[in-house]
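[1] compute the structure for the input listed below.
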Amino acid sequence: MMAIPKRVVIVGGGISGLSAAFALLERASGRNAPFRCTVVEGQDYLGGKILTNRRDGVITEGAPDSFLTTKPEALALCEKLGLSSQLIDTNQENAQTFIYSKGRLRQFPQGLISMVPTKIGPLFHSGVLSWAGIVRMGADWVIPCRARAKDEETLAEFFSRRLGGEAFDRLIEPLVAGIYAGDANELSADATFPHLVELERKYGSLIKGALATQQSRSSHQPGAKPRTLFTTLRGGLGDLITSLTERLSGAGVSLRRGTSVRAVHIPGSQTEPPYRLELEGGGVLDAEAVILATPAYVSANLLRPFDDEASTLLDQIPYASTMTISMVFPEPEVKGLIRGYGFVVPRVENRSLIAATWSSMKWAERAPAGQCLVRCYLGRRGREDLLDSNDSELTERACRELEAIVGIQSRPLHVEAYRWPRSMPQYIRGHCERVRHIRERVARRPGLYVTGAAYDGIGIPDCIRDAEQTSAKLSAYLWDRASV
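    Sure, this is the predicted structure:
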């Protein structure tokens, strides 16, 4: 007798939803366990914030342009999809980053390991910190550990306590803003950088811990040449989404673009399916299991009719809005002004720009010969008002910032602006406990799961890892229930 296929609906077609579907396919492939999977995405494209545009030899990224190689999940997924040969590292001949500090660009000090400085010389030469600030930062070596307490530290409190206020404001904060687009006075140290909190607990000092970590990594890499810290795909990160969607479609997964889920219903009858999803514009999808791979505020709305407590907790995860503006300049007009990969801007400098990347210098084949691709980052927690301006106003603002900071007076040949309202989840104080409660509440509904950037990491590898773990739980629920 042929088994009746289990029906799974994944709400959200970003990297989390697509990775969850792919992981579920992998787990089902070795079993005699037929199932039907539908991915429902409200936008008319798949991939979420991974959005690559190619035009006249220029490759622009709407949001992320690469992923971390120290976390293996994205590299492993590329391997499974046959994309490993397309991975490219950052151009090492341009391996410099700058920081706008005290009125001019200064080379970012070398020797930072996980944002912890481990070399004094580059700090002295950079001019980013005063002598007093450098001495205070070095005091991390002898400052006692904080006694374990109930009150949770923010990133600002944690780094200022260990490395000093000046080092935090001038050195650490712009890196935090580049990752989370957030306010370090709100972000939880335990949720955003748990490995650094653990370094303090284990070694009594961030610097001691970073040096020990560096030595450990070196001793475990005797053979092959390691990849650079970040890597991307030769044709842009969009190729990851293309490969995923092709593999899913080829395996029979239904990918529904431009379709939003209006409500999730739990009929509660033995003769009806456990879940019924009502779609905008009409239509329903019945399912034995549902994965919500949507932003926390979207998941909150879908859960509210039958779990107000989970919805309230999800609504307590705030989001920041961001924007990227990619501009193409004639290379001869900017070549003498730009170096390295780009620059970051500390909040204390009170500028509109968070950072700028010289994309065609950081990555190969991003622009034709004779052209330079520049990407500017605007918006962050507390500066969402910038997105109220239209694209031309924001482009003009970005150009003024580039002129003031770098000296670029040329007008761009081409501009692409990407707006991302409420796109960056903020892991504010209490995040870890909040997520634990959310998962506990959702787990009370068998066959219902949440996954995505809102919970245990915002990077591409983090989203893939969480999606894979979610699919493992779902697989056990559908096919190994007797052993669960």
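
[2] mind listing what Met137 touches?
    Residues in contact with Met137 (CB atoms under 8 Å, 6 or more residues apart in numbering) are Pro117, Leu123, Leu129, Leu163, Gly164, Glu166, Ala167. From N, CA and C alone the C-beta is placed, and that goes for glycine too.

[3] so for the longest helix along the chain, mean pLDDT?
    In the chain, ranked by residue count with DSSP state H as the criterion, the top helix is helix 460-479. The average pLDDT for helix 460-479 rounds to 95.

[4] can you check stretch 35-47 too?
    On average, stretch 35-47 scores 95.

[5] would you mark the buried spots in it?
    By neighbour count on 16 or more other CB atoms under 10 Å, the buried set for stretch 35-47 is Phe35, Cys37, Thr38, Val39, Val40, Glu41, Gly42, Leu46, Gly47.

[6] and what of stretch 200-219?
    Buried, per 16+ other CB under 10 Å, within stretch 200-219: Glu200, Tyr203, Ser205, Leu206, Ile207, Lys208, Gly209, Ala210, Thr213.

[7] same check on stretch 17-30?
    For stretch 17-30, by 16+ other CB under 10 Å, it's Gly17, Leu18, Ser19, Ala20, Ala21, Phe22, Ala23, Leu24, Leu25, Arg27, Ala28.

[8] same check on stretch 342-356?
    Buried-residue list, stretch 342-356, by 16+ other CB under 10 Å: Gly342, Phe343, Val344, Val345, Pro346, Arg347, Glu349, Ser352, Leu353, Ile354, Ala355, Ala356.

[9] dump the residue contacts of the fifth one.
    The one in question is Pro346. Residues in contact with Pro346, defined by CB under 8 Å, 6+ apart, are Ile99, Tyr100, Ser101, Asp169, Arg170, Glu173, Pro174.

[10] the fourth one now?
    Contacts were defined as CB under 8 Å, 6+ apart; by that measure Val345 touches Ile99, Tyr100, Pro174, Arg351, Leu353, Ile354, Ala355, Ile405.

[11] so which of the residues you listed are in helices?
    Going by DSSP H, the helices hold Pro174, Ile405 from the contacts of Val345.

[12] quick one, whatever helix or strand Ala21 lives in and helix 460-479 angle?
    According to DSSP states H and E, Ala21 maps onto helix 15-29. With axes from the mean of the first three to the mean of the last three CA atoms, to 10 degrees defining the directions, helix 15-29 sits at 40 degrees from helix 460-479.

[13] returning to what we had before: now the contacts of Pro346 in TSV, with distance to Val11 and neighbour count?
    What follows is those, written out as TSV (distance: CB to CB, whole Å; neighbours: other CB atoms under 10 Å):
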residue	distance to Val11	neighbour count
Ile99	40	24
Tyr100	41	23
Ser101	44	23
Asp169	41	21
Arg170	42	22
Glu173	35	23
Pro174	35	22
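
[14] out of these, flag the one nearest to Val450.
    Proximity of the contacts of Pro346 to Val450 (CB to CB) peaks at Glu173, which lies at 30.4 Å.

[15] got a pLDDT number for that closest one?
    91.

[16] what is the neighbour count of Gly250?
    Residues near Gly250, counting by other CB atoms under 10 Å, number 8.

[17] likewise Ser326?
    26.

[18] that one in helix, strand or coil?
    Of the three states, Ser326 takes strand according to DSSP: H, G, I helix; E, B strand; the rest coil.

[19] and the closest residue to it other than its chain neighbours, what element?
    Take Ser326 and drop its neighbours on the chain: the residue closest to it by CB to CB, 6 or more residues apart in numbering is Thr60, 4.2 Å away. Using DSSP H and E, Thr60 sits within strand 58-61.

[20] who are the packing partners of the one helix or strand Tyr377 maps to?
    Following DSSP H and E, one finds Tyr377 within strand 371-378. Helices and strands touching strand 371-378, by 3 or more CB pairs under 8 Å, 6 or more residues apart in numbering; DSSP states H and E, are strand 58-61, strand 319-330, helix 331-334, strand 353-358, helix 359-362, helix 391-405.

[21] make a markdown table from the contacts of Val345 and add distance to Tyr449 to it.
    A markdown table is the format used below for the contacts of Val345 (distance: CB to CB, whole Å):
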| residue | distance to Tyr449 |
| --- | --- |
| Ile99 | 41 |
| Tyr100 | 43 |
| Pro174 | 36 |
| Arg351 | 41 |
| Leu353 | 39 |
| Ile354 | 33 |
| Ala355 | 34 |
| Ile405 | 45 |
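
[22] ok, Ile464 - contacts?
    By CB under 8 Å, 6+ apart, the neighbours of Ile464 are Ile15, Ser16, Ser19, Glu73, Ala74, Leu77.

[23] let me know the closest of the residues you listed to Arg429.
    When the contacts of Ile464 are compared against Arg429 (criterion: CB to CB), the nearest one is Ser16, at 24.2 Å.

[24] gap between that closest one and Thr242?
    Distance, Ser16 to Thr242, by CB to CB, to the nearest Å: 17 Å.

[25] between these two, which is the more surrounded one?
    Each of Ser16 and Thr242 has its neighbours counted (other CB under 10 Å); Ser16 has more, 29 against 18.
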